[in-house]
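Q: Compute the structure for the input listed below.
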Amino acid sequence: MPTRQLSFFDADDDPAPAGGAHRPDPVTASVADDEARALARALPARVHLGTSSWSFPGWTGLVYAPRKGKPETEQRLAREGLAAYAAHPLLSTVSLDRTFYAPLAADAFAAYAAQVPDGFRFVVKAPSALTTPTLRGGSGPAGDNPSFLDAGAAIAAFVRPASDGLGAKAGPLVFQFPPLGRLTRDPARLAARIAAFIAVLPRGPLYAVEFRDPECLEPATARMLADAGAVPCLAVHARMPPVDGQVERLGGLGTGPLVVRWNLHAGMAYDEAKGHYLPFDRLVDEDLPSRGALARLAAAIAARGDTVFITINNKAEGSAPLSVRALARCLVGALTAG
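A: Numbers count the residues shown, from 1 in each chain. Just a heads-up that it's a prediction; the model follows:
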C-alpha cells in the first residue's frame, strides 16, 4: 500500500531521549511515601495507571526530587525525566503524546523503552495525519487528507516503529480521531471504514480507537472494532458523555483490555484548564463521579483477568500524579469491596 502520503509530516530529528544516569546532576525520583507503596502492592500487576507525558516541573516533590540550587525545567524533564517518573510505584504507564504531532523512529522508541522497568507499558498516540480527514492551510480547510486511514502509511510511520522499538513494553496504540464533522452523519459507515483500516494492520499490538464525537459511540461500532482487533479508548473529555454513559452507548464493554484517557475537566477548554491548573502541583477541581466510575469499571475489568490502562492529564483535575493516587485509592477500595 502507498506510504508517500505521510511526506507532509515534519520529521522528528531530536536525538534519542537520554536516561541521564551519566550526567553529574541527573533527574532523580522523589521518595515514595508509605501510602503510595501500599497502594501499588494492592493493585494487580495488570492494572497500569499513569499520566499524559512527564515533563512538568510542578511535579517536583510528587514525582521528582528537588534539584539542588535551581528549579527543574520542562525541557530537562522531557529529555531526562522518564526513568525517574517510572520509578514511582504508582506510575506503570505513560501516554506518549509527542507522536501525535510527528512520527518517531524505532530507535527513539527503543531509547524510551530502555529507561523503564520490564512491567512498564507505553500508551502511544498515532500521528494525527492518520486520523484527521482534512488538511488545513493558514486560513482553514485546504482539502482532503490523502493519509487519512491509510493503512500502509500507518504501518510504516507508526505501527512498525512503535512495535519494534518498544517491544514488550508497548501498550495500546491509540488512534485518536478529532471531531469528524460530516463523517458522523453516518456513524455505521464511519465505523466500517475505521474497522477496515484496523483489520489490515499487523496482528499483535493492542489497537485502541478514541472518538471525540458522541455519535460514534454505538454498539455496532464496538462490534466492528472488536471484529477488526481493536478496543474503544474511553475519552473522559468535555466533549464526551460521562464514563458510564459512554459504556452504555457502546452497549457495554466486551472482553479484552480497558483503555481510558482521562483528558479534560468537564466544561473547560484545554487552554482554560492549563491556565487554571498550572503549575499542576495540587488537585483543584476533583471529579469524583469520573473517578468513581473509572474505579468501578477498572475493578470489574481487572477481576475478569483483563489488562487495564488508564492515563490522566493534568487538565482533568489539576495534577495528574495526584489524580493517579486518588484513583488508585478508589480502585483498591472497589477491588476490596468486590
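Q: residue ranges with poor pLDDT in this structure?
A: Across the chain, the ranges flagged by pLDDT under 70 are 1-24, 137-142.
Q: what's the distance between Ala222 and Val247?
A: 10 Å (C-beta to C-beta, to the nearest Å). Every residue, glycine included, has its C-beta placed from N, CA and C.
Q: what distance separates stretch 232-241 from the centre of its chain?
A: 12 Å (C-alpha atoms, centre = their mean, to the nearest Å).
Q: follow-up on the earlier one: mutual contacts of Ala222 and Val247, please.
A: Counting by C-beta atoms under 8 Å, 6 or more residues apart in numbering, the residues touching both Ala222 and Val247 are Leu253.
Q: Show me which of these two is the more surrounded one.
A: Set Ala222 next to Val247 and count neighbours by other C-beta atoms under 10 Å: Ala222 wins out with 22 against 19.
Q: Please enumerate the strands of the stretch 201-338 of the chain.
A: For the stretch 201-338 of the chain, the strands defined by DSSP state E, counting those that start in this stretch occupy 206-210, 230-236, 258-262, 308-312.
Q: orientation of the second one relative to strand 308-312 in degrees?
A: Looking back up the chat, that one is strand 230-236. 30 degrees (axes from the mean of the first three to the mean of the last three C-alpha atoms, to 10 degrees).
Q: now strand 230-236 and strand 206-210, what's the angle there?
A: Angle of strand 230-236 versus strand 206-210, following the same axes, to 10 degrees, is 40 degrees.
Q: Where does the residue nearest in space to the middle of the chain sit: helix, strand or coil?
A: Geometric centre of the chain, nearest residue: Ser95, 3.5 Å, by C-alpha atoms, centre = their mean. Secondary structure state of Ser95, per DSSP: H, G, I helix; E, B strand; the rest coil, is strand.
Q: gap between it and Asp164?
A: Going from Ser95 to Asp164 by C-beta to C-beta gives 20 Å.
Q: Dump stretch 324-335 to PDB, keeping only the CA atoms.
A: This file holds the C-alpha atoms of stretch 324-335, laid out as PDB (Å, rounded to 0.1, in the frame of the first residue of the first chain):
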ATOM      1  CA  VAL A 324      -3.500   8.800  39.800                       C
ATOM      2  CA  ARG A 325      -3.000   8.400  43.600                       C
ATOM      3  CA  ALA A 326      -6.700   9.200  44.300                       C
ATOM      4  CA  LEU A 327      -7.900   6.800  41.600                       C
ATOM      5  CA  ALA A 328      -5.600   4.100  42.900                       C
ATOM      6  CA  ARG A 329      -7.100   4.600  46.400                       C
ATOM      7  CA  CYS A 330     -10.600   4.400  44.900                       C
ATOM      8  CA  LEU A 331      -9.700   1.400  42.800                       C
ATOM      9  CA  VAL A 332      -8.200  -0.600  45.600                       C
ATOM     10  CA  GLY A 333     -11.400   0.100  47.600                       C
ATOM     11  CA  ALA A 334     -13.500  -1.200  44.700                       C
ATOM     12  CA  LEU A 335     -11.400  -4.300  44.300                       C
END
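Q: Alright, calling it a day.
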